[in-house]
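**Q** Can you look at this prediction? I've put the sequence above it.
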Amino acid sequence: MPTDLPNLLTLSRIAAIPLLVVLVALREPWGDVAACAVFSVAAITDYFDGKIARQRQQITGFGRMLDPIADKLLVGAALMLLAGHDRLSGLALYPAIVILLREILVSGLREYLAGLRIGLPVTRLAKWKTGFQMGALGTLLAGDTAASVLHLGFLPVSLIGEAMLWTAAALTLLTGWDYLLAGLRHAEQDTGKPGGNPAGQPAPERRPGPLLRP
């Protein structure tokens, strides 16, 4: 049900986006601190919603559909805010583009593979990618102005955030390539069968598996 705690945590990530937009738009040091806090709390819910759902056996189709959508909306909003408010250097735009394009790629693969009722396991590397990505975005949302408010002006916060963003982009390329190869392999197997489905036709019934959630 949408009112289950895991689903409410997932929905909270989407609800946090308008608040995040307002806080960044203020262009105030305290707003940057608050934006970092809001994003960090929202990112942490990504871990707890799945954990609680498994512990309470509340894994639902609604949650499995909404969880990756909430993740991508939150990441996409943060990236656009950072770019739109000149919070990224010229070089840091490139890893941001890589991350955003990878999210679009994986969304397309998820839709296709879900139609075939095929799931791909979440790799450990993909989990590391998510960790670096969320950490980088939270750090960049805080920025050097927030560091001065917290009396941490000696730390190059923006530089650290951009270094983490480059690391996340490198992991993004590796995991995205793995998912793409897996998707192409399943596509070849499906179209190579006698009487295989033409494009746009429903896929044959297959053994259910977990939906892709990289």
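**A** Cool, the structure landed. Numbers count the residues shown, from 1 in each chain.
**Q** what about Leu152, which SS state?
**A** Under the three-state scheme (DSSP: H, G, I helix; E, B strand; the rest coil), Leu152 adopts coil.
**Q** For it, give its distance to Ala146.
**A** According to Cβ to Cβ, to the nearest Å, Leu152 and Ala146 sit 8 Å apart. For every residue, glycine as well, the C-beta is placed using N, CA and C.
**Q** Between these two, which has more neighbouring residues?
**A** Legend: neighbour count by other Cβ atoms under 10 Å for Leu152 and Ala146, higher for Ala146 (23 against 12).
**Q** Give me the phi and psi angles of the more buried one.
**A** Dihedral pair for Ala146: phi -70, psi -40, per degrees, to the nearest 10.
**Q** try Ser158
**A** Residue torsions, per degrees, to the nearest 10, at Ser158 are phi -60, psi -40.
**Q** same thing with Arg27?
**A** According to degrees, to the nearest 10, Arg27 has phi 50, psi 40.
**Q** repeat for Gln57
**A** phi 60, psi 50.
**Q** number of nearby residues for it?
**A** Neighbours of Gln57 (other Cβ under 10 Å): 6.
**Q** how far away is it from Leu8?
**A** 17 Å.
**Q** between Leu152 and Ala146, what contacts are shared?
**A** Common neighbours of Leu152 and Ala146 are not found (criterion: Cβ atoms under 8 Å, 6 or more residues apart in numbering).
**Q** give the contact list for the closest residue to His85 other than its chain neighbours.
**A** Nearest residue to His85, sequence neighbours excluded (Cβ to Cβ, 6 or more residues apart in numbering): Val24, at 6.0 Å. Contact analysis of Val24 by Cβ under 8 Å, 6+ apart lists 31-32, 35, 81, 85, 87, 141.
**Q** Next up, identify which helix or strand Val24 is on.
**A** Val24 belongs to helix 5-25 when assigned by DSSP states H and E.
**Q** ditto for Ile59
**A** Going by DSSP H and E, Ile59 is not part of any helix or strand.
**Q** Which of the three states applies to Ala169?
**A** Taking three-state DSSP, the label given to Ala169 is helix.
**Q** wait, doesn't it sit right on Glu103?
**A** No - with contact defined as Cβ atoms under 8 Å, Ala169 does not reach Glu103; the gap is 11.8 Å.
**Q** residue contacts, the nearest residue to Ala70 once chain neighbours are set aside?
**A** Nearest residue to Ala70, sequence neighbours excluded (Cβ to Cβ, 6+ apart): Arg13, at 4.1 Å. Arg13 makes contacts with 42-43, 45-46, 70-71, 73-74, as judged by Cβ under 8 Å, 6+ apart.
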